[in-house]
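Visitor: sharing a model that was predicted from the sequence below.
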Amino acid sequence: MLIQNTIFYRPDWKWHNFLKYLINNLSKYNCPEKIIPTEYSYKDSTYGSKKSKKNVNLYTWGVTHKKRIKFARAVCINSPNYSVLNFLIIPNTFYNVPFFGVDFVSLPNSHLLVLDFQPSLKIENQYSHKLLEQLIKLKTSGHSSLPLADKMSADVARFFSPGLIWSKLPKEESSDFLIANQLYTSFKEYLDLYLEILFESKEANKEMQKELINGQSNYLKYRRDNDPARPMLSSLFGKEFTESLIKEVLFTT
């Protein structure tokens with residue numbers, strides 16, 4: 001099933017414009033779609049009590065690039081209580097470029113919003129002064145409207161950059177306006193800048209490539225072991241499917 005034929009491309013899914021934008025922009029860089037195993041590419045399930053069963057749909061979409069992108073994937077979830085767009089670009093380790101990470105999660109009572117260039121090395125070893133300036137400028141613009149969420153723990157914060165957009169919004173009409181306008185604008189600005197940097201980067205030397213391999217492995221292992229979405233996914237799709245999805249697709253090395 002093509003993602004364009006699912007609810008994830010229709011206006012009744014909260015993140016449909018975000019998904020369309022990232023798919024259209026990756027196609028401009030000749031990124032062929034990656035075939036995701038059938039058991040992970042699309043899944044229907046139910047959750048809740050016997051008296052109040054709810055339907056939930058999941059779609060996993062991915063692309064690669066022969067030189068620049070090892071794997072980029074979007075995990076989309078739709079249900080009455082949860083609406084999720086989780087997107088990650090894992091760049092090829094020939095290039096000293098951070099990950100691109102998106103985690104937009106609508107929970108029963110709130111929206112959790114994460115948008116960032118996520119480091120695989122120490123900040124000073126991966127971000128030029130110019131890039132940090134650009135990111136902080138975009139972050140400042142985004143957070144002029146989007147409230148800043150509570151400070152992350154040091155253990156989690158080390159996997160984010162100074163340009164992180166991190167917000168928590170109540171589920172109300174004013175939040176829908178912020179998501180459709182400010183967050184969507186920030187998302188486009190971040191993705192455009194990231195793809196520009198990724199596709200203009202020069203190849204790193206062999207020593208740096210080894211560091212990048214180790215750095216990416218450490219990040220992906222941390223995410224496999226500590227993914228905060230694990231409880232939600234388990235409640236919606238069961239523990240066995242969740243563990244397999246996390247290890248085999250979401251954060252595979």
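Guide: Done, it's in.
Visitor: mind listing what's buried in stretch 192-199?
Guide: Neighbour counts over stretch 192-199 (16 or more other CB atoms under 10 Å) mark 193-195, 197-198 as buried. To be clear about C-beta, it is placed using only N, CA and C from the backbone, and glycine gets the same treatment.
Visitor: strands of the stretch 51-200 of the chain, start to end?
Guide: For the stretch 51-200 of the chain, the strands defined by DSSP state E, counting those that start in this stretch cover 54-63, 69-78, 83-91, 99-106, 110-118, 165-170.
Visitor: my guess is P98 contacts N125, does it?
Guide: No - contact criterion CB atoms under 8 Å: P98 and N125 do not qualify, at 10.6 Å.
Visitor: then the helix or strand of the chain with the lowest mean pLDDT to PDB, C-alphas only?
Guide: In the chain, no helix or strand scores lower on mean pLDDT, DSSP states H and E than helix 154-157, which sits at a mean of 88. Written as PDB, here are the backbone C-alpha positions of helix 154-157 (Å, rounded to 0.1, in the frame of the first residue of the first chain):
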ATOM      1  CA  ALA A 154      21.600  15.700  31.200                       C
ATOM      2  CA  ASP A 155      21.600  12.100  30.000                       C
ATOM      3  CA  VAL A 156      18.900  12.900  27.400                       C
ATOM      4  CA  ALA A 157      20.100  16.400  26.500                       C
END
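Visitor: elements contacting that helix?
Guide: The contact analysis (3 or more CB pairs under 8 Å, 6 or more residues apart in numbering; DSSP states H and E) places helix 154-157 against no helix or strand.
Visitor: would you mind finding the longest helix in the protein?
Guide: For the chain, the longest helix by residue count, based on DSSP state H, is helix 206-226.
Visitor: gap between it and the chain center?
Guide: Remark: helix 206-226 is offset 17 Å from the chain centroid, using CA atoms, centre = their mean, to the nearest Å.
Visitor: just give the closest residue to L131, not the sequence neighbours.
Guide: I197 (6.8 Å; CB to CB, 6 or more residues apart in numbering).
Visitor: could I get the average pLDDT for stretch 83-96?
Guide: Mean pLDDT, stretch 83-96: 98.
Visitor: re earlier: P98 and N125: which has the busier surroundings?
Guide: Remark: of P98 and N125, P98 carries more neighbours, 29 against 13, as counted by other CB atoms under 10 Å.
Visitor: for the more buried one, which non-adjacent residue is spatially closest?
Guide: F117 (4.5 Å).
Visitor: was I right to think the residue nearest to L131 contacts P98?
Guide: No - in this structure I197 lies outside contact range of P98 using CB under 8 Å: 9.1 Å.
Visitor: so which of the buried residues of stretch 192-199 is the closest to S27?
Guide: L195 (11.3 Å; CB to CB).
Visitor: let me know the pLDDT of the closest one.
Guide: With respect to pLDDT, L195 scores 98.
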